[in-house]
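Student: Give me a model of this one.
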Amino acid sequence: MLFGTIKRFDETKGFGTIRPENGNADLQFEKGAVSWGDATTPKTDRRLSYEIGKNKDGVECAVNLQPA
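Tutor: Next up, the predicted model:
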């Protein structure tokens, strides 16, 4: 499990970017990857845990986002 913070989120487009705590390159995520169960929109600077997966184009992205 990895940790990072939400750098930005575009609610209109339904995707955002995570800044990993380990210093790696930023990762994109889709709103569907958010799995904390409430209807809260992902907020900038919220700390979370995530895993690395691949999007439909085969590019690495963050999945299984959970509050940390």
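Student: okay, CA-based contacts and neighbour counts for the rest of this
Tutor: Fine.
Student: mind listing what the residue nearest the centre of the chain touches?
Tutor: In the chain, the centroid-proximal residue (CA atoms, centre = their mean) is Phe29; its distance is 4.4 Å. Contacts for Phe29 (CA atoms under 8 Å, 6 or more residues apart in numbering) come out as 15-18, 61-63.
Student: Tell me which of these fall in strands.
Tutor: 15-18, 61-63 (DSSP state E).
Student: For Gly14, give me phi and psi.
Tutor: Note on Gly14: its backbone torsions stand at phi 80, psi 20 [degrees, to the nearest 10].
Student: contacting residues around stretch 49-65?
Tutor: 1-4, 18, 27-29, 33-36, 48, 66-68.
Student: Check the offset of that stretch from the chain's centre.
Tutor: Centroid separation for stretch 49-65 versus its chain: 8 Å, with CA atoms, centre = their mean, to the nearest Å.
Student: Kindly report the same for stretch 47-54.
Tutor: Worked out by CA atoms, centre = their mean, stretch 47-54 lies 6 Å from the chain centre.
Student: same question, stretch 56-68
Tutor: 6 Å.
Student: buried residues in that stretch?
Tutor: For stretch 56-68, a neighbour-count test (16 or more other CA atoms under 10 Å) marks 61-66 as buried.
Student: likewise stretch 24-41?
Tutor: Buried, per 16+ other CA under 10 Å, within stretch 24-41: 26-31, 33-34.
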